[in-house]
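Trainee: okay, predicted coordinates and the sequence, questions at the end:
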There are 2 protein chains.
Amino acid sequence: MPDQGPEMEIVHLLRAVTVELGAHSGRFAQRNGMHPTDVRALVVLMDAARAGEAMTAGRLGGALGLNSAGTTALVDRLERAGHVRRVRDERDRRRVTVEVDERAVALGWSHFGPLIGRAVELLRGYDERELAAIRDFLAGVREAAEGDTGEPGHNGSG
Amino acid sequence: MPDQGPEMEIVHLLRAVTVELGAHSGRFAQRNGMHPTDVRALVVLMDAARAGEAMTAGRLGGALGLNSAGTTALVDRLERAGHVRRVRDERDRRRVTVEVDERAVALGWSHFGPLIGRAVELLRGYDERELAAIRDFLAGVREAAEGDTGEPGHNGSG
DNA sequence: GGTAGTATCTCGCCCAGCGAGATACTTGTC
DNA sequence: GACAAGTATCTCGCTGGGCGAGATACTACC
């Protein structure tokens, strides 16, 4: 399966970026005595916070692909480390909303901030058409990865 | 930390792509009764094969950040599943080269092929300047992620 | 107030990965 | 050839993340 043209270079580049980004957040995890899953959880929680949504234990576990037992253990770890707080939902007392601690947010920004800043800086060097190309390509790949379940002969039409 | 402009949209998009690509290969793992690490190992092995290099157990473990015990267990799993073969290096009989089985390669292509094909298809829709922008941006992010260890105030000089 | 439904937690287990040390082989010296 | 030092892989015992099953606490509907 030899190189099929200049396109494959970019495909491999994208994969390399994925690997490197994973390694980057892995270093954050290791440096703070956390498991990769814990970092993913914090990211999900911060996303929700940024969107102004409350995140329950169940939704967090769902987003990470964990079952309820694993989710409980995860929130236990994060709480023990002081990164999150469990807060009983007063409207529905079965629910537990998980809130990120300010210090965890600051910790995250101190690690990922420079990388994000660099990416923004890079992007400022492009004009509108170039930005559109980057945006469209990434959106296209995301859709392809979401949609393509990798199951041959299984198509979602209907 | 509100949106800092159109650049942040792309940064979040890139992160979403990373997440989605991880989930995609996770589905491949689960569907074939493999661990995510096993998939990463196959990718490393196929990369080496494509580059025409032999991959020893030690180098494989190193690439994945595993110690020797974990590497042995990993190769055991892959071998038991028939995805790789252990081959004693005849020049240096301490070494074990790990060879990917043809069927594992075919299995991998049947899952990742469509996604790669779609990405190539997307890329064919751009002109030279747009392609250069995508390539440069990805290369820049990769470098930033490699270089930025996330350790504030820790620089290599003196 | 009772029953069904839902969100989270507890318990027991499996297995990926680690640290330490054993084993098998190569290289260099005599 | 025998011996010592160095290197690649494997074995052993253990830790801990995640799962399945079931318990628990609460809400919703009648």
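Mentor: Looks like it came in fine.

Trainee: in chain A, which spans are helices?
Mentor: A:6-31, A:36-50, A:57-64, A:68-80, A:102-124, A:128-147 (DSSP state H).

Trainee: turn those into CSV, including mean pLDDT and mean neighbour count.
Mentor: Any C-beta I mention is one placed from the backbone N, CA and C, and that applies to glycine too. Below are those laid out as CSV (pLDDT from 0 to 100; neighbours: other C-beta atoms under 10 Å in any protein chain shown):
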stretch, mean pLDDT, mean neighbour count
helix A:6-31, 94, 18
helix A:36-50, 96, 19
helix A:57-64, 97, 18
helix A:68-80, 98, 15
helix A:102-124, 96, 17
helix A:128-147, 96, 18
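
Trainee: quick one: which of the ones you listed is nearest DNA strand C?
Mentor: Minimum separation from DNA strand C across the helices of chain A (C-beta to the nearest atom of the strand) falls at helix A:57-64, 2.2 Å.

Trainee: what angle sits between the closest one and helix A:36-50?
Mentor: Interaxial angle of helix A:57-64 relative to helix A:36-50 (axes from the mean of the first three to the mean of the last three C-alpha atoms, to 10 degrees): 120 degrees.

Trainee: which residues touch helix A:57-64?
Mentor: Helix A:57-64 is touched from outside by A:37, A:40-41, A:44-45, A:67-68, A:70-72, A:74-75, A:86, A:95-98, with contacts defined as C-beta atoms under 8 Å, 6 or more residues apart in numbering or on different chains.

Trainee: check whether it comes near DNA strand C.
Mentor: Yes - counting by C-beta under 7 Å from any atom of the strand, contacts between helix A:57-64 and DNA strand C involve A:A57, A:G58, A:R59.

Trainee: nearest to A:R80 among those?
Mentor: A:R80 has its nearest neighbour among the residues of helix A:57-64 next to DNA strand C in A:A57, at 14.9 Å by C-beta to C-beta.

Trainee: give the bridge partners for the spatially closest residue to that closest one that is not a sequence neighbour, please.
Mentor: Among residues not flanking A:A57 along the chain, A:V96 sits closest, at 4.7 Å (C-beta to C-beta, 6 or more residues apart in numbering or on different chains). Beta-bridge partners recorded for A:V96 (DSSP bridges): A:R88.

Trainee: verify the stated contact: A:V96 with A:V84.
Mentor: No - using C-beta atoms under 8 Å, A:V96 is not in contact with A:V84; the gap is 10.4 Å.

Trainee: which residues are common contacts for these two?
Mentor: A:V75.

Trainee: which one's more surrounded, the two?
Mentor: Higher neighbour count among A:V96 and A:V84: A:V84, with 24 against 18, using other C-beta atoms under 10 Å in any protein chain shown.

Trainee: and the gap between the more buried one and A:L78?
Mentor: To A:L78, A:V84 is 4 Å away according to C-beta to C-beta, to the nearest Å.

Trainee: what residues do these two have in common as contacts?
Mentor: Taking C-beta under 8 Å, 6+ apart as the contact rule, the neighbours common to A:V84 and A:L78 are A:L42, A:V98.

Trainee: contact partners for A:E121?
Mentor: A:E121 makes no contacts at all, as judged by C-beta under 8 Å, 6+ apart.

Trainee: I meant to write A:L138 there.
Mentor: Here A:L138 is in contact with B:I10, B:L13, B:L14, B:A16, B:V17 (C-beta under 8 Å, 6+ apart).

Trainee: could you redo the last one with a cut-off of 10 Å?
Mentor: Shown in contact with A:L138 (C-beta atoms under 10 Å, 6 or more residues apart in numbering or on different chains): A:14, B:9-18, B:122, B:134, B:137-138.

Trainee: how about the residues of chain A by DNA strand D?
Mentor: Counting by C-beta under 7 Å from any atom of the strand, chain A sits next to DNA strand D at A:35, A:37, A:65-70, A:73-74, A:77, A:92-94.

Trainee: can you add distance to chain B and give those back as JSON lines?
Mentor: Shown next, in JSON lines, are those (distance: C-beta to the nearest C-beta, whole Å):
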{"residue": "A:H35", "distance to chain B": "13"}
{"residue": "A:T37", "distance to chain B": "11"}
{"residue": "A:G65", "distance to chain B": "7"}
{"residue": "A:L66", "distance to chain B": "12"}
{"residue": "A:N67", "distance to chain B": "13"}
{"residue": "A:S68", "distance to chain B": "19"}
{"residue": "A:A69", "distance to chain B": "18"}
{"residue": "A:G70", "distance to chain B": "15"}
{"residue": "A:A73", "distance to chain B": "18"}
{"residue": "A:L74", "distance to chain B": "17"}
{"residue": "A:R77", "distance to chain B": "19"}
{"residue": "A:D92", "distance to chain B": "28"}
{"residue": "A:R93", "distance to chain B": "31"}
{"residue": "A:R94", "distance to chain B": "28"}
